[in-house]
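Q: sequence-free structure coming up:
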């Protein structure tokens, strides 16, 4: 089966703001194939000044509340980095990548099909760990 990787048109370095970054992350998430029972909230975490770039870090926290358990037992976080190069022209789009909580694997939206299973696995592992403790 051929997967179509959905991405969005990212803003340029010139037009970037923290708020615009958050809006674009939400726009990207809206293209993901995630069941409607999953709810999420997003937040800006911090700005990092590096030698050749500036990085903006965001977190999107996911959960599946139910009528019986409106406060979920566990959540899963996806961390986004929006990077603006100091060496490339500011008219180019920003670089974007994300990682899943408890994983070091870096995903790029234009190269990766997001999987709902990643969120399920994080939550299941947390619940297993809590039950063992």
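A: Here it is on my side, so go on. Small disclaimer: the values here were computed from a predicted structure and weren't measured. Numbering: from 1, shown residues only.
Q: Any buried residues in the lengthiest helix in the chain, and which?
A: As assigned by DSSP state H, the longest helix anywhere in the chain is helix 116-132. Judged by neighbour count using 16 or more other Cβ atoms under 10 Å, the buried positions of helix 116-132 are 118, 119, 122, 123, 126. In short, each C-beta sits where N, CA and C put it, glycine included.
Q: next one: that helix to chain centre, how far?
A: 18 Å (Cα atoms, centre = their mean, to the nearest Å).
Q: before we move on, what about stretch 49-65?
A: 7 Å.
Q: Check which residues of that stretch are buried.
A: So stretch 49-65, judged by 16+ other Cβ under 10 Å, has buried residues 53, 54, 56, 57, 58, 59, 60, 62, 63, 64.
Q: Among the residues you listed, which ones are in strands?
A: Judged by DSSP state E, the buried residues of stretch 49-65 include 53, 54, 56, 57, 58, 59, 60, 62, 63 as members of strands.
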